[in-house]
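Undergrad: pasting the structure only:
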């Protein structure tokens, strides 16, 4: 998976409006978060958040599960998941985003 395709996928995900037609589930959002972190940083490099930080713990735990996964594999899985989400949405924006991704080698 090229870094350019991964970067485009990240750009698409970050640009999705919260109330738009393409709505990744909470599980999808955790998946994107953890794979983005693994692809850009590698294995978890911070302590687990405290007891009352439920969102922080969920994010940290999702990232921790990817320990040992290569940055390349994390990039590939990130893009593949976005393609899956876009195909499920099946609207004009999703089709446009898919075309943009496919245009990158």
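TA: Sure thing, it's come through. These numbers were taken from a predicted model, which means no experiment stands behind them. Numbers count the residues shown, from 1 in each chain.
Undergrad: Spatially, what comes nearest to residue 65 if we skip its sequence neighbours?
TA: Excluding the flanking residues, the one nearest residue 65 by CB to CB, 6 or more residues apart in numbering is residue 34, at 6.9 Å. C-beta: built from backbone N, CA, C; applies to glycine.
Undergrad: residues contacting that neighbour?
TA: By CB atoms under 8 Å, 6 or more residues apart in numbering, the residues touching residue 34 are 59, 62-63, 65-66.
Undergrad: Can you check the pLDDT for it?
TA: With respect to pLDDT, residue 34 scores 98.
Undergrad: swap in residue 75?
TA: With respect to pLDDT, residue 75 scores 98.
Undergrad: Could you check the strand or helix carrying it and say which residues are buried?
TA: According to DSSP states H and E, residue 75 maps onto helix 71-89. Neighbour-count burial for helix 71-89, counted by 16 or more other CB atoms under 10 Å, picks out 71, 74-79, 81-83, 85-86, 89.
Undergrad: same deal with stretch 10-21?
TA: By 16+ other CB under 10 Å, the buried positions in stretch 10-21 come out as 10, 12-13, 16.
Undergrad: now stretch 95-105
TA: Within stretch 95-105, the residues that count as buried by 16+ other CB under 10 Å are 97-98, 101.
Undergrad: now, among those, which is nearest to residue 42?
TA: Nearest to residue 42 among these, counting by CB to CB, is residue 101 at 23.9 Å.
Undergrad: Point me to the helix or strand that includes that closest one.
TA: Taking DSSP H and E as the definition, one finds residue 101 inside helix 92-102.
Undergrad: how far is that helix from where the chain is centred?
TA: On the basis of CA atoms, centre = their mean, to the nearest Å, helix 92-102 sits 16 Å off its chain's mean C-alpha point.
Undergrad: Need the contact partners of it.
TA: By CB under 8 Å, 6+ apart, helix 92-102 touches 5, 8-9, 12, 20-22, 79, 82-83, 86-87.
Undergrad: The residue most central in space within the chain: helix or strand, and which one exactly?
TA: With distances taken as CA atoms, centre = their mean, residue 32 lies nearest the centre of the chain, 2.2 Å away. Using DSSP H and E, residue 32 sits in helix 26-40.
Undergrad: Contacts only, for residue 75.
TA: Residues near residue 75 by CB under 8 Å, 6+ apart: 1, 3, 5-6, 35, 39.
Undergrad: Nothing else from me, thank you.
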